[in-house]
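Q: Sequence first, then the predicted structure, then my questions.
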2 protein chains.
Amino acid sequence: MGEQRRILVDMDGVLADFEKGFLDEWKREHPDLPYVPIRDRRTFYHMDQYPAEHKDLIYEIVDRPYFYGNLEPIRGGREALEEMRGLGWDVRICTSPSISNYEGCVPGKFMWVHKYLGKDWLHRLVLTKDKTIVDGDVLIDDKSRIDGIVARPSWEHVLYDQPHNRWLKMTKRLTWENWKEVLGV
Amino acid sequence: MGEQRRILVDMDGVLADFEKGFLDEWKREHPDLPYVPIRDRRTFYHMDQYPAEHKDLIYEIVDRPYFYGNLEPIRGGREALEEMRGLGWDVRICTSPSISNYEGCVPGKFMWVHKYLGKDWLHRLVLTKDKTIVDGDVLIDDKSRIDGIVARPSWEHVLYDQPHNRWLKMTKRLTWENWKEVLGV
């Protein structure tokens, strides 16, 4: 692994508030349609918890060019990243782009990092559908199952706590309040 | 490394013809200005071989939204990638985005892969400024020096032969004609 501890940090649901960004838009655009309050979310993908006939409406929102770029930051994320770097850790943002809508998603993710973390962090941004081939000690991700080609990745997966994953039994569960304790600082 | 041999393949100068794309545009836009024929190129960055006062003109070309998306494929690249996969290798495209112009460069790279290799390959695309943290057996890259945080990366660097690097002494030098021999197929 080299000398420094390397922490890979997912973006949506960990640094950028995808859940709030989606729900705000959904309510604004479709005030007459049902929605799932964030505390009641139980699936990683909205598709899996919204009625099937609303699939296109969901895509219509998340596929907009500026959707990813305009997500609000999750409180404490930036400060935690900077503190980790202060500890001498090698911190990387490791995010999986949308393939069906890369034109909107991919520049949006770069824009978000530029806007909320600063240009320096663009050098630390890794876009990959498969996170198992990225070398690290820890991956902080709100997705419970990280699939990829490598059966036993170099990193330990630490779940970022979100309502959609709260019903799952996972041993290590991190927030930007308890990260020092969970990561053993 | 896991079961499969993993080959990381750089994009510009290996799969996409950056040199030709740049020179064609340069001659078309600035027929009155001097240029460096591809066979006489000696530096990785054009900046380092063109007069300093033309720096902005160079940026003006490569920073266009569709510059990366419109590069011609390097002959034999696609076929080699498909053959490698046929051999059971895990093949990934590993490319470093421009930070100063991510709005133009990053979607352009996705567009290029989509257009010339097909949608399936978008799942195999990794964008990172630091390739040393990506796990692989071989990195095929025309850049002679691959800098990054990891002093001894997991992969062996095999230089993709280009006029700009031909003056360098490197043991392993690959083209899409000799790749089977170099990689020991």
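A: Okay, I see it.

Q: Tell me which stretches of chain A form helices.
A: Under the criterion DSSP state H, helices of chain A are mapped to A:18-29, A:55-62, A:77-86, A:102-116, A:179-183.

Q: For stretch A:42-56, buried residues please.
A: Across stretch A:42-56, burial judged by 16 or more other C-beta atoms under 10 Å in any protein chain shown covers A:44, A:46, A:50, A:54. Any C-beta I mention is one placed from the backbone N, CA and C, and that applies to glycine too.

Q: Closest one to chain B out of those, please.
A: Nearest to chain B among the buried residues of stretch A:42-56: A:Phe44, at 17.8 Å, using C-beta to the nearest C-beta.

Q: Quick check, the closest one in contact with A:Lys143.
A: Yes: using C-beta atoms under 8 Å, A:Phe44 makes contact with A:Lys143 at a distance of 5.4 Å.

Q: Now do the shared contacts for these two.
A: Applying C-beta atoms under 8 Å, 6 or more residues apart in numbering or on different chains, one finds that A:Phe44 and A:Lys143 are jointly contacted by A:Asn165.

Q: hmm, back to that, okay if I get the buried residues of stretch A:42-56 as a markdown table plus pLDDT and distance to A:Ala80?
A: Output for those, formatted as a markdown table (pLDDT from 0 to 100; distance: C-beta to C-beta, whole Å):
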| residue | pLDDT | distance to A:Ala80 |
| --- | --- | --- |
| A:Phe44 | 93 | 22 |
| A:His46 | 93 | 26 |
| A:Tyr50 | 95 | 31 |
| A:His54 | 94 | 34 |
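
Q: Generate a markdown table for the residues you listed, with distance to B:Leu8 as supplementary columns.
A: What follows is these, written out as a markdown table (distance: C-beta to C-beta, whole Å):
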| residue | distance to B:Leu8 |
| --- | --- |
| A:Phe44 | 28 |
| A:His46 | 33 |
| A:Tyr50 | 38 |
| A:His54 | 40 |
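
Q: Would you reformat those as a markdown table and include distance to chain B?
A: Below are the buried residues of stretch A:42-56 laid out as a markdown table (distance: C-beta to the nearest C-beta, whole Å):
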| residue | distance to chain B |
| --- | --- |
| A:Phe44 | 18 |
| A:His46 | 21 |
| A:Tyr50 | 25 |
| A:His54 | 25 |
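
Q: quick one: which of those residues is nearest A:Glu79?
A: Using C-beta to C-beta, A:Phe44 is the member of these that sits closest to A:Glu79, with 25.7 Å.

Q: and that closest one, backbone torsions?
A: Here is the backbone geometry of A:Phe44 (degrees, to the nearest 10): phi -70, psi -50.

Q: From A:Arg124, how far off is A:Gly118?
A: Distance of A:Gly118 to A:Arg124, computed by C-beta to C-beta, to the nearest Å: 10 Å.

Q: Counting neighbours, go ahead and name the busier of these two.
A: Using other C-beta atoms under 10 Å in any protein chain shown, the more surrounded residue of A:Gly118 and A:Arg124 is A:Arg124, with 22 against 11.

Q: can you pull the contacts of the spatially closest residue to that one that is not a sequence neighbour?
A: Spatial nearest neighbour of A:Arg124, chain neighbours left out: A:Arg92 (5.0 Å); criterion: C-beta to C-beta, 6 or more residues apart in numbering or on different chains. A:Arg92 is in contact with A:6-9, A:124-126, A:134, A:136, B:130, B:133, counting by C-beta under 8 Å, 6+ apart.
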